[in-house]
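Student: need a 3D model of the sequence below.
(chains A and B)
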Amino acid sequence: MSESLVAAAGLIKRFGDFTAVDGIDFAIEKGQAFGFLGPNGAGKTSTMRMIGAVSPITDGKLTVFGLDPLEHGPAIRARLGVVPQDDNLDFELTVEENLVIYGRYYDLPRAQIKERIEELLGFAQLTERRASKVEPLSGGMKRRLTIARGLINQPEMLILDEPTTGLDPQARHLLWDRLYRLKQQGVTLIITTHYMDEAEQLCDRLVIMDKGKIVAEGSPRELIESHSTKEVIELRFPPEVEQLPLDRLEGLAKRVEELPDRVLLYCDDADHTLLQVHERGVLPESSLVRRSTLEDVFLRLTGRSLVD
Amino acid sequence: MSTPTALRVVEAHARVYRQTWRGSIISTFLTPVLTLVSLGIGLGSLIDENGGPGGVPYLVWLGPGLLAAAAMQTAAGDSSYPVMAGIKWTKGYDAALATPLTVEDLIFGHLGWVGIRVLMTAVVYAGVLFVFGALDFASGLATLLPALLTGMAFAAPITALTARMQQETGLSTLFRFGIVPLFLFSGTFFPIDQLPDWLQPVAYLTPLWHGVELCRGAAGVPDSPYFPPWIHIGYLLLWIAVGTFLAVRQLRRRMVK
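Tutor: Numbers count the residues shown, from 1 in each chain, chains lettered A, B, ... in the order given. Prediction:
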């Protein structure tokens, strides 16, 4: 545990009677991109806020940079960058002024802030909008500005809470590209997300949280291997079919999942299995063969029911 | 050498103000001019025919009281909606607390900035009074510190109240039933011995009355201050101290969860 940037053991966060984080253990190593996945209300944001030394832990043990956040909050925060879920920028001010004020919170000298701003505006592709007020910027630009702001103090670790929620695909890909670059530069990234493709793109290691607990941990590949099969066949049936032919599919796949109008077969050789399906006389409206993804793991572990 | 943490918050407020001051500059000057023309000179000419309070022209008597009231209004304005914005609307407090700054820094920095704003208001007000001939230069300067004390005696508790408030409708209630009645009945426009007997002790409790008395005393208006100055000063300091303590406590409860 000595080398870990963040280490948690039996970490608990309660708000009154409600337990948001229920005894979790994890370790984040230097240079890693570490993901926290989970449905809404899984405890991701509460965990981020404790790591960010803005929310006191209720019980258990947590160290960040080897320090106790309760005692060394300001020292920890000086070395961190935080990109919160909402862009809490000052909309009345310009792009540049937002960065200057934040830099001054860290007590960076004005000359150094000026230099950093040049770099960061280039990095965030906002150089041409430097004198623009924040208000009229697009969602993607605001997000990039929030990330640039979080980098003003050249943090060793950047915490991103759902960095691409609400962005269009172009903006998301640009952002992933920027985050990947940061990782190349050796910045440790902690990311929460409920987008599985994002986690697969960015994270070296991740944990899946559900109802305050960690239900799985590993690299995206490891998680798929240990919690799902290589491939998935999706068989779609017309809505008028009253009884899905589950009995005839028995024994064909490692796991069979029944959904409205659809049956999912989890198997390792999809083409072969699909042949067998046809041999047994099951004729779906359409069939789709695809690789297993983190989303399959996620849905299996956290359930398909809607969380509000 | 590092910049004291609360001072960084003052600097941030100043940078925001540098971008936004134009919106309020006209009203900053116009409000005292219009109020003094209408009440000090217009109404004052009627009052002076019957002999005004303190045996001086009504404008001279009214001026320092209005200055204290303006200090209160600036402090109340800057300690209510902007604090609510930091907590709820722009969430600037969340952003600041992710840096090395603490809740104490936010409160002390905020109050420090409000102090500067109160002084700015007081300087403008005293300047306008000077131009109207209601104050000489030295007594104009002498009113600034009492005005600052008056403003801060409102800034600190209102900050605490706002930090506690869930809905912004509470703020309009505060102004309608708190600030406006104080403005009208704290001896600003007429001496409180004109109030019904049972209401006079209530006026003693309001920080504005003490601020008004101090400002009048500093401006050299006869019969002021009502009590020895240290009583007025002590009473205002008490509001500042308790208000600041509560403001830190309330904001911590609100922000550090």
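Student: for the rest of this, base every contact and every neighbour count on C-alpha atoms.
Tutor: Will do.
Student: pull the number of nearby residues for residue A:225.
Tutor: By the criterion of other CA atoms under 10 Å in any protein chain shown, residue A:225 has 15 neighbours.
Student: per-residue pLDDT, it?
Tutor: The confidence metric pLDDT takes the value 88 at residue A:225.
Student: quick check: it vs residue A:267, distance?
Tutor: Residue A:225 sits 12 Å away from residue A:267, going by CA to CA, to the nearest Å.
Student: ok, now residue A:135?
Tutor: Using CA to CA, residue A:135 is found at 50 Å from residue A:267.
Student: ok, those two, which is more surrounded?
Tutor: residue A:267 (23 against 15).
Student: contact partners for the residue in the stretch 201-308 of chain A that chain B sits nearest to?
Tutor: Among the residues of the stretch 201-308 of chain A, residue A:212 lies nearest to chain B; the distance is 16.6 Å by CA to the nearest CA. With contacts defined as CA atoms under 8 Å, 6 or more residues apart in numbering or on different chains, residue A:212 is in contact with A:19-24, A:41-44.
Student: and which of those is nearest chain B?
Tutor: residue A:20 (11.8 Å).
Student: test my guess that that closest one contacts residue A:13.
Tutor: Yes. Between residue A:20 and residue A:13 there is a contact under CA atoms under 8 Å: 5.6 Å.
Student: stretch A:149-166: how far from the chain's middle?
Tutor: Mean C-alpha position of stretch A:149-166 versus that of the full chain (CA atoms, centre = their mean, to the nearest Å) differs by 12 Å.
Student: how about that stretch: buried residues?
Tutor: A:149-165 (16 or more other CA atoms under 10 Å in any protein chain shown).
Student: same thing with stretch A:269-285?
Tutor: By neighbour count on 16+ other CA under 10 Å, the buried set for stretch A:269-285 is A:270, A:273-274, A:277, A:282, A:284.
Student: which positions in chain B make contact with chain A?
Tutor: The interface of chain B toward chain A, taken as CA under 8 Å from any CA of the partner chain, is made up of B:2-3, B:5, B:8-9, B:12, B:15-16, B:19, B:90-92, B:94-102, B:256-257.
Student: repeat that with 7 Å
Tutor: Residues of chain B lying close to chain A (CA under 7 Å from any CA of the partner chain) are B:2-3, B:8, B:12, B:90-92, B:95, B:97-101, B:256-257.
Student: show the buried residues in those.
Tutor: By neighbour count, with 16+ other CA under 10 Å, the residues of chain B next to chain A hold B:8, B:12, B:90-92, B:95, B:97-101 as buried.
Student: now do the strands in the stretch 1-150 of chain B.
Tutor: With DSSP state E, counting those that start in this stretch, there are no strands along the stretch 1-150 of chain B.
Student: for chain A, what's its nearest residue on it.
Tutor: Nearest residue of the stretch 1-150 of chain B to chain A: residue B:100, at 4.0 Å (CA to the nearest CA).
Student: how many residues are close by the nearest residue to that residue once chain neighbours are set aside?
Tutor: Excluding the flanking residues, the one nearest residue B:100 by CA to CA, 6 or more residues apart in numbering or on different chains is residue A:74, at 4.0 Å. Neighbour count for residue A:74, taken as other CA under 10 Å: 20.
Student: residues making contact with stretch B:118-136?
Tutor: Outside stretch B:118-136, the residues that touch it by CA atoms under 7 Å, 6 or more residues apart in numbering or on different chains are B:29, B:32-33, B:59-60, B:63, B:67, B:71, B:74-75, B:137, B:140, B:144, B:147-148, B:151, B:219.
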